[in-house]
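>>> quick one, structure for this:
(one chain, ligands or ions: 1)
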Amino acid sequence: MTRYQTIVILTGAGISAESGIRTFRDGNGLWEDHRVEDVASPEGFARDPKLVLNFYNQRRQQLLSDEVKENAGHIALAKLEREHAGEVLLVTQNVDDLHERAGSKNLIHIHGELLQKRCSRSQTVSEVRTDLNVDDVCDCCGAAGTLRPNIVWFGEMPFQMERIEAALQKCDLFISIGTSGAVYPAAGFVSLANACGAETVMLNLDESDNAGAFKRSEFGPATKVVPMFVDELLNN
Ligand code: OAD
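Below you'll find the predicted structure:
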């Protein structure tokens, strides 16, 4: 039984890296050979919707292929939610569904989901498992060209910020896993948790940009450090 009651966890691309999904900021600074501003901004979408839709079509196909599956890090976090006596809220910056596949339930996708589409006119969100094309006709408004992936691009507001901030203010443990701490507001969650008196822990392959803000850090691949840390929490 852990001494903590309310736990908030933030995950980033690093937790899915060993599932075969590339992270954003390692290597050459490009995201799957594209400049991030071309494929992850409203301006990029307005300039070349076909390129952007195809980019996410490829990411979606990869996610749904046999190559990709949840790993020991995702599975350990689902176990923590199941076995911890208090509350566990998982906030992920990832647009994949690997936390759901592992069994996490109390989960917020702050940057949206690859397996959802959204009508730009009505904002109606629905599931999508096939490709989106520029001339697709939207079910809700009957118009062509209104559909986009339900993903938060640069310059857009992340989802459910009020709920997350309220949870951070009352949590007594905040854990950040596999994120470079380069993209706000998520990179600032640790400061809010610190200000409200929580223990703050970083689990990552290497030092994140905001590493100095954490009270404790454990380095290593997510498939090793996350199960170890979860076992420590559940057994203490
Ligand atoms: P990044 O690619 O910026 O950072 C990934 C982090 O994971 C780095 O700190 C790596 O060291 C670490 N890492 C890599 N492999 C790991 C492993 N096997 N185990 C543990 N850690 C590992 O990804 P994010 O921080 O998630 O936003 O990026 C944040 C946001 O920037 C994304 O959600 C995306 C992007 O632009 C949008 O698309 C809106």
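
>>> could you give me the buried positions within stretch 167-180?
167, 168, 171, 172, 173, 174, 175, 176, 177, 178, 179, 180 (16 or more other Cβ atoms under 10 Å). (C-beta placed from N, C-alpha, C; glycine too.)

>>> quick one: low-confidence parts of this protein?
1-2, 26-30 (pLDDT under 70).

>>> which ones among the buried residues of stretch 167-180 are found in strands?
Counting by DSSP state E, the buried residues of stretch 167-180 place 173, 174, 175, 176, 177 in strands.

>>> list the contacts for the third one?
Read that as residue 175. Counting by Cβ atoms under 8 Å, 6 or more residues apart in numbering, residue 175 makes contact with 7, 8, 9, 10, 200, 201, 202, 203, 229.

>>> helix/strand/coil for the residue in the chain sticking out farthest from the centre?
In the chain, the residue that sits farthest from the middle, by Cα atoms, centre = their mean, is residue 142; the gap is 31.3 Å. Here residue 142 is recorded as coil under DSSP: H, G, I helix; E, B strand; the rest coil.

>>> for residue 78, what are its contacts?
99, 102, 103, 104.

>>> give me the buried subset of these.
Here, 16+ other Cβ under 10 Å leaves 99, 102, 104 buried among the contacts of residue 78.

>>> mind checking which helix or strand the closest residue to the last one other than its chain neighbours is in?
Residue nearest to residue 104 in three dimensions, not counting chain neighbours: residue 78, with 4.7 Å by Cβ to Cβ, 6 or more residues apart in numbering. Here residue 78, judged by DSSP states H and E, is contained in helix 72-83.

>>> that helix vs strand 173-177, what angle?
160 degrees (axes from the mean of the first three to the mean of the last three Cα atoms, to 10 degrees).

>>> from the rest of the structure, what touches the next helix-or-strand element following helix 72-83?
Counting by DSSP H and E, the next helix or strand C-terminal to helix 72-83 is strand 88-92. Applying Cβ under 8 Å, 6+ apart, the contact partners of strand 88-92 are 6-12, 15, 77, 80-81, 99, 104, 106-111, 164, 167, 171, 186, 189.

>>> what about residue 92, neighbour count?
Per other Cβ atoms under 10 Å, the neighbour tally for residue 92 reads 30.

>>> let me fix that, I meant to ask about residue 60.
21.

>>> and the longest helix along the chain, anywhere near the ligand?
For the chain, the longest helix by residue count, based on DSSP state H, is helix 49-64. No. Residues of helix 49-64 are not located near the ligand by Cβ under 6 Å from any ligand atom, the shortest gap being 10.3 Å.

>>> how about that helix: buried residues?
Those would be 49, 52, 53, 54, 55, 56, 57, 59, 60, 62, 63, for helix 49-64 by 16+ other Cβ under 10 Å.
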